[in-house]
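Chemist: No sequence on hand, only this structure:
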């Protein structure tokens, strides 16, 4: 880090929530990280401060033109007290790819990673230790210039906030029912679908509400051009085990390049389970199911890690997957990934990064 | 208005900017309007307060999931001192259509219009009087719940801020050069393109930057499915005069239902100039130009009113429109619309609404 990190400790620590009732993204730690950007100074003044409100002019561009990107990753505390991060460099690389798409200036990834580690160390008492819990970390950038013109901002803030979270499923990994969305579209090639930016999530709310009303957990998104190729499930990537081979939609510009996604592909290859990234139509998927070849389906993401799919509903045609039960491969992937993340299993790919090793500049 | 509007006047009025150097969306008036929403109380506590920063939790959903909508309209001061608004009820109706798409609760349009009028009256000294100037009004709603879950917020704020603005073109209405965008896509049917929401504007920044770098003012957006049908120009609707008939892309779900657009269609019909809303391909447009049939082209929006197009560049094929000059129809539309808006010309459609008539409840 070329700029000294200033740390201002809170004088009034919050009471920590019950580890059995954490939920997701509800409670926040005692501190946060902030870094400012101005056109003349570039990114400057890295600082850890007590968790506090953001104060912005009502004309700040983030409110009007949505120029913002974010990331999500998790830290874990091992049984021997080490703090582990899952592939944080991947998140920061993707943050910069999102920055590029949203015309936000490049952020020094080493500076950001050091800041992230330092923030975790400051708030390490907040990392829950109960099985299935973790510390969810949310780095994000917002455009702060107070100007109502549609053009990239000249001012930004990069922030990191952190939330102790419970298991995504209160009772382990349970299959969810998924509604295949035919009316609404999440993203299209040439748009911002592969960037982790707020507008993609806003665009999905209406379909999600409709699915919930019909008794489904999430929607399966189809592509915006042909309305037949599978893209994502809710805000997760999606995988299908068909005749012993695992298939997942290829990255095409409108699909998020998920870090859990790429880790699962790596694990499957390591296990010599065939895995292919390709275009998959919903018709084809239903045909495989009709032939008894669709063995398992699951979503993947940082929050849930693995989310098995028990039922699909496409235009009122309902199909049950693996008898509505969590499949063998889904279980193995969940246990392996979370085992590596928690430091219980060996880490053959050196994915985990310790948060105790802070650079000498900090 | 069923709820009493509280007005807290500022104690320190700002110095007003020079009317010759207003720019657009740079300066803001002394006051702003705020209305809160919570799931239990609904929209409540309407108040006019001194213009001041917004204070939000860093986990507020607007920063992460982009759940936000906005509007833009203008107020004018007539020579005899009346304050006129251009079709404000249309903006509030569209705000609610955007709300519907973004899963934001319905806002009482009468309450909002009364608040808007009252705010303008409070800050009426800020309405510039020089030719071509106006008071730009920005109503917007942001999701304020501090929760990192992808679901509609349970808390919102509706706000109105106002900015005295100069003419969009410092030297009258001048034709601009437009780059036809082939790589990036603004919106797609099934997405949020017809809603006035932040993510649509974030999605357009990269293409806009590219056009600017190549010496063009704006991009012409093509549809996201076929990549050949004309949608919008920059953040404006677009019209073409071909062989005496005016053509504009039909509203298809990915195009904004512009209030200037619909007013121009109404004016053209009033003048017995044929106007059609239909699907228009870029190839067809170039064919008409080759035959000498493409007479004029112009963008329409609240900010610029009419923005004539002098040149198009589609895949390095450059065509000049009307010799790069502002066309006769563009000029007539600009003069008529701005004349009506400023109260100089008769208002045959009763578009203008006076801001002095505040409801008795306020």
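Modeler: Nice, thanks for sending it over. All values reported here derive from a predicted model rather than from experimental measurement.
Chemist: ranges for the strands of the stretch 201-350 of chain A?
Modeler: Secondary structure of the stretch 201-350 of chain A (DSSP state E, counting those that start in this stretch): strands at A:218-222, A:230-233, A:237-242, A:245-249, A:275-278, A:294-301, A:305-314, A:317-320.
Chemist: a markdown table please, covering those and showing mean neighbour count, mean pLDDT and distance to chain B.
Modeler: Every residue, glycine included, has its C-beta placed from N, CA and C. Formatted as a markdown table, the strands of the stretch 201-350 of chain A follow (neighbours: other C-beta atoms under 10 Å in any protein chain shown; pLDDT from 0 to 100; distance: least, C-beta to the nearest C-beta, whole Å):
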| stretch | mean neighbour count | mean pLDDT | distance to chain B |
| --- | --- | --- | --- |
| strand A:218-222 | 26 | 97 | 9 |
| strand A:230-233 | 25 | 98 | 12 |
| strand A:237-242 | 24 | 98 | 15 |
| strand A:245-249 | 21 | 98 | 17 |
| strand A:275-278 | 14 | 98 | 21 |
| strand A:294-301 | 25 | 97 | 10 |
| strand A:305-314 | 23 | 96 | 13 |
| strand A:317-320 | 12 | 97 | 20 |
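Chemist: Tell me which of these sits nearest to residue A:337.
Modeler: strand A:305-314 (5.5 Å; C-beta to C-beta).
Chemist: What's the separation between the residue of the stretch 51-200 of chain A found nearest chain B and residue A:227?
Modeler: Using C-beta to the nearest C-beta, the closest approach of the stretch 51-200 of chain A to chain B is made by residue A:199 at 2.0 Å. According to C-beta to C-beta, to the nearest Å, residue A:199 and residue A:227 sit 20 Å apart.
Chemist: quick one: which of the two has more around it?
Modeler: Taking other C-beta atoms under 10 Å in any protein chain shown, residue A:199 and residue A:227 do not tie; residue A:199 has more neighbours (30 against 15).
Chemist: The more buried one - that's part of a helix, no?
Modeler: Yes - assessed with DSSP: H, G, I helix; E, B strand; the rest coil, residue A:199 lies in a helix.
Chemist: give me the number of residues near the closest residue to residue A:126 other than its chain neighbours?
Modeler: Leaving aside its sequence neighbours, residue A:126 sits nearest to residue A:29 (C-beta to C-beta, 6 or more residues apart in numbering or on different chains; 4.3 Å). Residues near residue A:29, counting by other C-beta under 10 Å, number 24.
Chemist: Mind pulling up the pLDDT for residue A:29?
Modeler: Residue A:29 carries a pLDDT score of 98 in this model.
Chemist: Could you do the one 5 residues further on as well?
Modeler: Turning to residue A:34, the model gives it a pLDDT of 98.
Chemist: That one sits in which helix or strand?
Modeler: Using DSSP states H and E, the element containing residue A:34 is strand A:31-38.
Chemist: got the contact list for the closest residue to residue A:86 other than its chain neighbours?
Modeler: Nearest non-adjacent residue to residue A:86, counting by C-beta to C-beta, 6+ apart: residue A:341, 5.1 Å away. Applying C-beta atoms under 8 Å, 6 or more residues apart in numbering or on different chains to residue A:341 gives the contacts A:74, A:76, A:84, A:86, A:134, A:305, A:352.
Chemist: I figured the second one hits residue A:124, correct?
Modeler: The one in question is residue A:76. No - between residue A:76 and residue A:124 there is no contact under C-beta atoms under 8 Å: 11.4 Å.
Chemist: Just give the nearest non-adjacent residue to residue A:206, would you?
Modeler: Nearest to residue A:206 is residue B:103, by C-beta to C-beta, 6+ apart, at 5.5 Å.
Chemist: Mind checking what secondary structure the one you found has?
Modeler: Once three-state DSSP is applied, residue B:103 turns out coil.
Chemist: What number of residues are in the vicinity of the residue nearest to residue A:66 when sequence neighbours are not counted?
Modeler: In space, and not counting its chain neighbours, residue A:66 is closest to residue B:198: 3.0 Å by C-beta to C-beta, 6+ apart. The number of residues packed near residue B:198 is 30, by other C-beta under 10 Å.
Chemist: what residue of chain A is the furthest out?
Modeler: residue A:291 (33.9 Å; C-alpha atoms, centre = their mean).
Chemist: Now that residue: phi and psi?
Modeler: phi -90, psi 0 (degrees, to the nearest 10).
Chemist: I'd like to know how far it sits from chain B.
Modeler: According to C-beta to the nearest C-beta, to the nearest Å, residue A:291 and chain B sit 30 Å apart.
Chemist: now the helices: where do they sit in the stretch 1-150 of chain A?
Modeler: Using DSSP state H, counting those that start in this stretch, the helices of the stretch 1-150 of chain A run over residues A:61-65, A:88-101, A:109-122.
Chemist: Can you add mean neighbour count, mean pLDDT and distance to residue A:220 and give those back as TSV?
Modeler: Below are the helices of the stretch 1-150 of chain A laid out as TSV (neighbours: other C-beta atoms under 10 Å in any protein chain shown; pLDDT from 0 to 100; distance: least, C-beta to C-beta, whole Å):
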stretch	mean neighbour count	mean pLDDT	distance to residue A:220
helix A:61-65	29	98	30
helix A:88-101	19	98	23
helix A:109-122	21	97	33
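Chemist: got JSON lines for these, with distance to chain B too?
Modeler: Converted to JSON lines, those look like this (distance: least, C-beta to the nearest C-beta, whole Å):
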{"stretch": "helix A:61-65", "distance to chain B": "4"}
{"stretch": "helix A:88-101", "distance to chain B": "6"}
{"stretch": "helix A:109-122", "distance to chain B": "13"}
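Chemist: Quick check: which of those is nearest to residue B:184?
Modeler: helix A:88-101 (9.3 Å).
Chemist: how far is the closest one from where the chain is centred?
Modeler: In terms of C-alpha atoms, centre = their mean, to the nearest Å, the centre of helix A:88-101 is found 12 Å from the chain centre.
Chemist: what's it in contact with?
Modeler: Contact partners of helix A:88-101, identified using C-beta under 8 Å, 6+ apart, comprise A:69-73, A:104-107, A:109, A:112-113, A:116, A:139, A:141, A:192, A:194-197, A:257, A:259, A:262, A:353, B:206.
Chemist: how does it look with 7 Å?
Modeler: Here helix A:88-101 makes contact (C-beta atoms under 7 Å, 6 or more residues apart in numbering or on different chains) with A:69, A:71, A:73, A:105-107, A:109, A:112-113, A:116, A:139, A:141, A:192, A:195-197, A:257, A:259, A:353, B:206.
Chemist: Also stretch A:313-324?
Modeler: Contacts for stretch A:313-324 (C-beta under 7 Å, 6+ apart): A:175, A:179-180, A:182, A:216, A:282, A:286, A:289, A:294-297, A:309-312.
Chemist: related to what we said a few turns ago, can you pull the contacts of the residue nearest to residue A:126?
Modeler: A:51, A:123, A:126, A:162 are the contacts of residue A:29 under C-beta under 7 Å, 6+ apart.
Chemist: Next: residue A:48.
Modeler: Applying C-beta under 7 Å, 6+ apart, the residues contacting residue A:48 are A:5, A:7-8, A:31, A:33, A:118-119, A:122.
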